[in-house]
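A.B. asks: Here you go, sequence then predicted model.
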Amino acid sequence: MILLLAAAILASEPTSTPYEVVRAGDRALGCPQLIAEINAINGQIQAQQMRQANAVSGAMSGLRGGSAAGGLAMSGLGSVVGMVPFGGMALSMGRQAQMAAGQKKMMDEIDALQREVIENIPVQQRLDHLMGLYDAKAC
């Protein structure tokens with residue numbers, strides 16, 4: 001029974017090849033090859049950090065009030081609200097809904113960033129491994 005359950009779990013998981021932190025032939029790499037791969041990985045990490053910084057910046061601007069047009073629309077309604085019974089309450093609810101949507105979007109983006117950071121841990125480990133080889137070879 002337990003074996004069948006384990007087999008079912010293994011069969012249901014995706015069969016992607018894991019990222020190889022340590023690869024056959026790493027110790028045989030020469031200094032120019034190590035430098036090239038280290039620089040390539042550093043480029044990947046820097047690009048990821050730029051994407052993350054832009055995503056956080058976008059999420060924060062969305063949280064601060066969304067688009068300028070949305071803010072202007074809400075402020076423009078203020079003059080009309082006084083003429084409508086319970087208009088102030090409706091406007092307040094609209095602002096709350098806008099803030100809640102901005103917060104949800106920001107949380108979704110933060111979750112995506114966290115997943116990306118976790119997925120890139122092996123890349124950082126590969127970089128550390130290559131740096132160790134680079135140091136050991138006294139390049």
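C.D. replies: Nice, thanks for sending it over.
A.B. asks: Ends of stretch 21-28, what's the gap?
C.D. replies: Its first and final residues considered, stretch 21-28 spans 15 Å by C-alpha to C-alpha, to the nearest Å.
A.B. asks: Can you list the buried residues in that stretch?
C.D. replies: Val21, Asp26 (16 or more other C-beta atoms under 10 Å). All C-beta spots, glycine's among them, are computed from the backbone N, C-alpha and C.
A.B. asks: so what pLDDT did Thr15 get?
C.D. replies: Here, the pLDDT recorded for Thr15 equals 56.
A.B. asks: Residue ranges in this protein under the pLDDT threshold?
C.D. replies: Counting by pLDDT under 70, the chain shows low-confidence ranges at 1-15, 59, 62-91.
A.B. asks: where exactly do the strands run in it?
C.D. replies: Listed in chain order, the chain contains no strands at all (DSSP state E).
A.B. asks: Contacts only, for Gln124.
C.D. replies: By C-beta atoms under 8 Å, 6 or more residues apart in numbering, the contact list for Gln124 reads Ile45.
A.B. asks: Could you check how far it is from Leu34?
C.D. replies: 16 Å (C-beta to C-beta, to the nearest Å).
A.B. asks: just Gly58 next, same as before
C.D. replies: Using C-beta to C-beta, we find Gly58 at a distance of 36 Å from Leu34.
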